[in-house]
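Asks: How does the following fold in three dimensions:
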Amino acid sequence: MAAAGPGRAMAAAALCLGRAPPPPRPLVVILGATGTGKSALALQLGLRLGGEIVSADSMQVYKGLDIITNKVSPQEQRLCRHHMISFVDPLVSNYTVVDFRDKAVALIEDIFARDKIPIVVGGTNYYIESLLWKVLINTKKASTAPGLVTDRKVELEQLDGVELHRRLSQVDPEMAAKLHPHDKRKLARSLQVFEETGIPHSEILHQQQEEEGGGPLGGPLKYPHSCILWLHADQAALDQRLEKRVDDMLAAGLLEELRDFHRRYNREKVAENRQDYQHGIFQSIGFKEFHEYLISEGNCSPETSALLLQKGPGPNVPPVYGLEVSDLLRWEEDVLKPALEIVESFIQGREPSAEPVKMKYDVNENKRSHRVCELCDRIIIGDREWAAHTRSKSHLHHLKKRRKLEAASRAAEGHSGGTQTSGEDSSLLLP
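Replies: Got it, this is the predicted structure:
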């Protein structure tokens, strides 16, 4: 058990003196799309409020590829203590979110015990969810014995997605109905849960949701005194920022980093035709896309290399406070000052002046509905996704094409003496 930290000691002293103990330190979570400035805000808050930063990025846990995974610099790490960065060997392919959760929760508890504020910086949503809610299921530890499969989930992922979906449908039809047949990783995980616990994955999730304090997103909150800062920006501003980030990465030595990593960890796998871009750090955005560039380098003309390179690149929810980050010139006014006021309010046990985001929730919305768009030959999961699909350019293009064909067919039938009226086939025009 961790020794009582200064915060606990102060609380005990306050009780002895008959005073109300100070409010607990909050868990601060910073979310946002790539390029919104999550790491910068975390560093500023950490420096001003005595916090320590816990990275929740599934790629940054691995050693190497510092540029492409956008890790904070060694200088920034010296300014404010960072955790969960560069500690897993790149060749480890069975590091899971359960491994992350177990290590990160212990770190958060230690930060609290030292009366500091843990600041979780998001890059991977399900990593953050594992820290906020009871949502994970422990299964058997992977075997490391020579000659044995290291992870049952990895073994299952070697099967075809359709076969995985068929197997899951037999043992857990509810979960199978929620997952896309192409989502091999989630299908394999649900099968693994059933095989290693004997209980359907969906049943375990229901049990968690029904626990006291649970809800639609999972079991009870681990840290009730939490606040989420959500950084958002106009898409045009983000696009411009991301273009600059790619340029900055190239200038910082991205290609050299990829070459070195490929030489040390991937070249031998490619030679044996067993490279794996679905697990571990090899999932990093960009690494797979640079595959042709890396293996062809030195074997083709500079012009061809350059061409390849161009081809590559509810009730249990904490309050969420939105911060507009479109205009970086207004960072201090629009982002840093409001964020400081919000977190300081939590530290002092009072309501922030800022209003949390009102989460729109349709009680009738089915996030796991299963529809087939025969027009586009696609399976769509979820009401919202279906609505978005029917408005998408691709679907509308196929719809327009079908209507033209139907109009041509009707015209041909009219010329051949057909008597069908326009009203009789009006249903064909409906999406």
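Asks: isn't Pro318 right up against Leu132?
Replies: Yes. Look at Pro318 against Leu132 with C-beta atoms under 8 Å: they come within range, at 7.0 Å. (Each C-beta comes from the backbone N, C-alpha and C, glycine too.)
Asks: for stretch 44-61, the distance to its chain's centre please.
Replies: Stretch 44-61 has its C-alpha centroid displaced from the chain centroid by 17 Å (C-alpha atoms, centre = their mean, to the nearest Å).
Asks: end-to-end on it?
Replies: The separation between the terminal residues of stretch 44-61, taken as C-alpha to C-alpha, to the nearest Å, is 22 Å.
Asks: quick one: the helices in the stretch 101-250 of the chain?
Replies: 125-132, 152-156, 161-171, 173-178, 184-197, 201-209, 235-251 (DSSP state H, counting those that start in this stretch).
Asks: closest one to Cys376 among those?
Replies: Evaluated with C-beta to C-beta, those place helix 161-171 nearest to Cys376, the distance being 18.1 Å.
Asks: What confidence value was assigned to the nearest residue to Asp66 once chain neighbours are set aside?
Replies: Ranked by C-beta to C-beta, 6 or more residues apart in numbering and with sequence neighbours excluded, the top spatial neighbour of Asp66 is Glu257, at 7.0 Å. What the model reports for Glu257 is a pLDDT of 84.
Asks: Glu257 contacts Leu65, correct?
Replies: Yes. Counting by C-beta under 8 Å, Glu257 sits close enough to Leu65 to count as a contact (6.3 Å).
Asks: Contacts for stretch 229-243 next, please.
Replies: Applying C-beta atoms under 8 Å, 6 or more residues apart in numbering, the contact partners of stretch 229-243 are 28-38, 41, 320-327, 335, 339, 342-343, 357.
Asks: how about a cut-off of 6 Å?
Replies: When contacts are taken as C-beta atoms under 6 Å, 6 or more residues apart in numbering, the neighbours of stretch 229-243 outside the stretch itself are Ile30, Leu31, Gly32, Gly35, Thr36, Val320, Tyr321, Gly322, Leu323, Val325, Ser326, Ala339.
Asks: quick one: which of those residues is nearest Met249?
Replies: Nearest to Met249 out of the contacts of stretch 229-243 is Gly35 (C-beta to C-beta; 12.0 Å).
Asks: Ignoring the adjacent residues along the chain, who's closest to that closest one?
Replies: Taking C-beta to C-beta, 6+ apart as the measure, Gly35 lies nearest to Arg241, with 4.3 Å between them; neighbours along the chain are not counted.
Asks: what's the answer for Thr124, then?
Replies: Taking C-beta to C-beta, 6+ apart as the measure, Thr124 lies nearest to Ser58, with 4.1 Å between them; neighbours along the chain are not counted.
Asks: List phi and psi for that neighbour.
Replies: Backbone geometry at Ser58, expressed as degrees, to the nearest 10, gives phi -70, psi -20.
Asks: buried stuff in stretch 346-360?
Replies: By neighbour count, with 16 or more other C-beta atoms under 10 Å as the criterion, the buried positions of stretch 346-360 are Phe346, Ile347, Pro352, Ala354, Pro356.
Asks: just the strands in the protein please.
Replies: In the chain, the segments counted as strands under DSSP state E are 27-32, 51-56, 82-83, 117-122, 226-232, 320-324, 370-373, 378-381.
Asks: The longest one pairs with which strands, parallel or anti?
Replies: Based on DSSP bridges, the strands next to strand 226-232 in the sheet, each with its direction, are strand 27-32 (parallel), strand 320-324 (parallel).
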